[in-house]
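> next input, structure requested:
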Amino acid sequence: MAIPHQDSQIKSVNCAIITVSDTRNEETDISGKIMQQILINFGHKIIHYQVIKDNPDDLKSLLINLTSNQELNCIIFSGGTGISPRDNTYDILNQMLEKTLSGFGEIFRFLSYQEIGSRAMASRATAGLYNGKIVFSLPGSQNAVKLGLEKLIIPELTHLIDQINKG
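Model prediction:
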């Protein structure tokens, strides 16, 4: 995997992993474990991990609480990005993000389309900034979290943190 922004002074990013699911718990959350392992393999730190129900009020509160942590740089959500009545992650983040990275969702769906075909259109993967932190939201499947991390998040993470810190 090519990492285009080797100029970053940042070597390790402090991350929070949040799995949004009404059915998974920390023991059964394979996607959450995959995300943690990939980030750790690339030298990043997991300073918070949690599985929460797909409840709008809980999602809002958690985002606000996490972004008050000065040590945290990045929050990655998985799950809740579809269109079922219980999928709330995208809707809450869409309301709360102060700046969005439209290209993240667009490229994710393009890459996903190459793997799963037209079903990729149902993914509402998104990314942006909230309270000085970079926030990513991926579908909850194992393949989706691998794709999002390996092809998009890992190659750009330190560069994005550099950009945020320039402010």
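
> stretch 155-167 - what's its average pLDDT?
Average pLDDT, stretch 155-167: 91.

> next: stretch 135-145.
The average pLDDT within stretch 135-145 is 97.

> so for that stretch, first residue to last residue, what's the gap.
With Cα to Cα, to the nearest Å applied, stretch 135-145 spans 14 Å between its terminal residues.

> what's the answer for stretch 65-77, then?
Using Cα to Cα, the end-to-end distance of stretch 65-77 comes to 14 Å.

> next, the buried residues of that stretch.
Neighbour-count burial for stretch 65-77, counted by 16 or more other Cβ atoms under 10 Å, picks out Leu66, Thr67, Leu72, Asn73, Cys74, Ile75, Ile76, Phe77. Bear in mind the C-beta positions are built from the backbone N, C-alpha and C, glycine included.

> would you mind giving the residues you listed as a markdown table with secondary structure and distance to Phe136 added?
Listed next are the buried residues of stretch 65-77 as a markdown table, based on DSSP: H, G, I helix; E, B strand; the rest coil; distance: Cβ to Cβ, whole Å:
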| residue | secondary structure | distance to Phe136 |
| --- | --- | --- |
| Leu66 | helix | 13 |
| Thr67 | helix | 13 |
| Leu72 | coil | 13 |
| Asn73 | coil | 12 |
| Cys74 | strand | 7 |
| Ile75 | strand | 7 |
| Ile76 | strand | 5 |
| Phe77 | strand | 7 |
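
> which two from the residues you listed end up farthest apart in space?
The span of the buried residues of stretch 65-77, defined through Cβ to Cβ, is set by Asn73 and Phe77 at 14.9 Å.

> about what we covered before: just the closest of the buried residues of stretch 65-77 to Lys33, please.
Ile76 (13.0 Å).

> any idea how far Gly117 is from that closest one?
As judged by Cβ to Cβ, to the nearest Å, Ile76 and Gly117 stand 25 Å apart.

> average pLDDT across the lengthiest helix in the chain?
In the chain, taking DSSP state H as the definition, the longest helix is helix 102-116. Across helix 102-116, the average pLDDT comes to 97.

> just the CA atoms of stretch 105-113, as PDB, please.
Extracted in PDB, the C-alpha atoms of stretch 105-113 (Å, rounded to 0.1, in the frame of the first residue of the first chain):
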ATOM      1  CA  GLY A 105     -17.800   8.300   1.100                       C
ATOM      2  CA  GLU A 106     -17.600   8.700  -2.700                       C
ATOM      3  CA  ILE A 107     -14.300   6.800  -3.000                       C
ATOM      4  CA  PHE A 108     -15.400   4.200  -0.400                       C
ATOM      5  CA  ARG A 109     -18.600   3.500  -2.500                       C
ATOM      6  CA  PHE A 110     -16.500   3.300  -5.700                       C
ATOM      7  CA  LEU A 111     -14.100   0.800  -4.200                       C
ATOM      8  CA  SER A 112     -16.900  -1.100  -2.600                       C
ATOM      9  CA  TYR A 113     -18.700  -1.200  -6.000                       C
END
